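> With the input below, show me the fold.
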Amino acid sequence: MQTVKMVVTGPFSAGKTEFIQSVSEIDVVSTERKISSDGEKMVKEATTVAMDFGRITVDEDLVLYLFGTPGQKRFDFMWEILSEGMLGFIVMVDSARPETFREARGILQTFRAYAPTPYVVAANKQDAEDAWEVDDMRHALRLDSKIKLLPCVATNRKSVKTVLLELLYSILAEMESGG
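Numbering: from 1, shown residues only. Predicted coordinates for the structure are as follows:
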């Protein structure tokens with residue numbers, strides 16, 4: 001049996017936890033904690049402080065282990081730990097929050113520095129009214145045309161599976177080429 005470790009990363013509130021919860025066949029092991037609010041408008045109520053963990057069996061020979069990273073900078077010490085042994089990673093970007101694009105690009109560069117593994121970028125929340133078009137996001141994120149930038153809705157199991165399969169195909173192609 002082959003196991004493939006994938007890391008799901010991205011800025012705070014990009015949809016990493018929902019992404020993993022949509023496809024995991026086990027209850028997601030989550031380290032979410034309530035966020036204390038200082039009267040400011042909250043984007044969400046809880047944040048991942050260590051990791052999320054989920055598992056999906058592709059077939060009898062292949063199991064994917066999904067590790068979601070914390071999105072907040074103060075927990076970024078977990079990123080390198082979670083990247084150990086990963087065969088690929090997904091950078092989640094909230095299509096409706098362009099103010100997070102620069103941070104997403106920085107996270108992408110950080111993970112590329114940890115390991116030269118295949119990766120894809122998921123343009124999440126494509127169902128949102130104010131979501132950017134994928135081509136516009138590619139330009140804003142300064143992504144090369146060879147990099148897979150995939151439309152995604154993290155709460156939609158089929159959408160999440162499409163993103164995971166694209167990454168898996170890239171990983172398998174790299175393994176076959178001896179990369």
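
> Select the longest helix from this structure.
Across the chain, the longest stretch assigned as helix under DSSP state H is helix 157-176.

> Tally up the residues packed near the residue lying closest to Glu174 once chain neighbours are set aside, please.
Leaving aside its sequence neighbours, Glu174 sits nearest to Pro118 (Cβ to Cβ, 6 or more residues apart in numbering; 5.5 Å). Bear in mind the C-beta positions are built from the backbone N, C-alpha and C, glycine included. Close neighbours of Pro118, defined as other Cβ atoms under 10 Å, add up to 22.

> which residues touch Pro118?
Leu87, Gly88, Leu167, Ser170, Ile171, Ala173, Glu174 (Cβ atoms under 8 Å, 6 or more residues apart in numbering).

> wait, which of those is closest to Glu99?
Closest approach between these and Glu99, by Cβ to Cβ: Leu167, at 26.0 Å.

> you'd agree the closest one is up against Val91?
No - look at Leu167 against Val91 with Cβ atoms under 8 Å: they stay out of range, at 10.6 Å.

> quick one, which of those two is more surrounded?
Neighbours were counted for Leu167 and for Val91 using other Cβ under 10 Å; Val91 has more, 29 against 24.

> can I assume the more buried one sits in a strand?
Yes - counting by DSSP: H, G, I helix; E, B strand; the rest coil, Val91 is found in a strand.

> By mean pLDDT, which helix or strand of this protein comes out lowest?
Lowest by mean pLDDT, DSSP states H and E among the helices and strands of the chain is strand 29-34, with a mean of 74.

> just checking, what packs against that strand?
Counting contacts by 3 or more Cβ pairs under 8 Å, 6 or more residues apart in numbering; DSSP states H and E, strand 29-34 is packed against strand 46-59.

> Just want the angle from the helix or strand following the strand it packs on to helix 157-176.
Per DSSP states H and E, the first helix or strand lying C-terminal to strand 46-59 is strand 62-68. Between strand 62-68 and helix 157-176, the angle comes out at 110 degrees (axes from the mean of the first three to the mean of the last three Cα atoms, to 10 degrees).

> quick one: contacts of strand 62-68?
Here strand 62-68 has contacts from 1-9, 16-17, 19-20, 23-24, 48, 51-58, 82, 86, 164, 168, using Cβ under 8 Å, 6+ apart.

> on that earlier part again, now find how far off-centre the longest helix of the chain is within its chain.
Relative to its chain's centre, helix 157-176 lies at 13 Å (Cα atoms, centre = their mean, to the nearest Å).

> For that helix, list the C-alpha coordinates in PDB.
Only the C-alpha atoms of helix 157-176 are listed here, as PDB (Å, rounded to 0.1, in the frame of the first residue of the first chain):
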ATOM      1  CA  ARG A 157     -16.600  17.200  -2.300                       C
ATOM      2  CA  LYS A 158     -16.300  16.800  -6.100                       C
ATOM      3  CA  SER A 159     -14.400  20.100  -6.500                       C
ATOM      4  CA  VAL A 160     -12.000  19.100  -3.700                       C
ATOM      5  CA  LYS A 161     -11.400  15.700  -5.300                       C
ATOM      6  CA  THR A 162     -10.600  17.400  -8.600                       C
ATOM      7  CA  VAL A 163      -7.900  19.500  -7.000                       C
ATOM      8  CA  LEU A 164      -6.500  16.500  -5.100                       C
ATOM      9  CA  LEU A 165      -6.400  14.400  -8.300                       C
ATOM     10  CA  GLU A 166      -4.600  17.100 -10.200                       C
ATOM     11  CA  LEU A 167      -1.900  17.200  -7.500                       C
ATOM     12  CA  LEU A 168      -1.800  13.400  -7.300                       C
ATOM     13  CA  TYR A 169      -1.300  13.100 -11.100                       C
ATOM     14  CA  SER A 170       1.700  15.600 -10.800                       C
ATOM     15  CA  ILE A 171       3.200  13.600  -8.000                       C
ATOM     16  CA  LEU A 172       2.800  10.300  -9.800                       C
ATOM     17  CA  ALA A 173       4.300  11.800 -13.000                       C
ATOM     18  CA  GLU A 174       7.300  13.000 -11.000                       C
ATOM     19  CA  MET A 175       7.700   9.600  -9.300                       C
ATOM     20  CA  GLU A 176       7.700   7.900 -12.800                       C
END
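
> Please consider this matter closed, and thank you.
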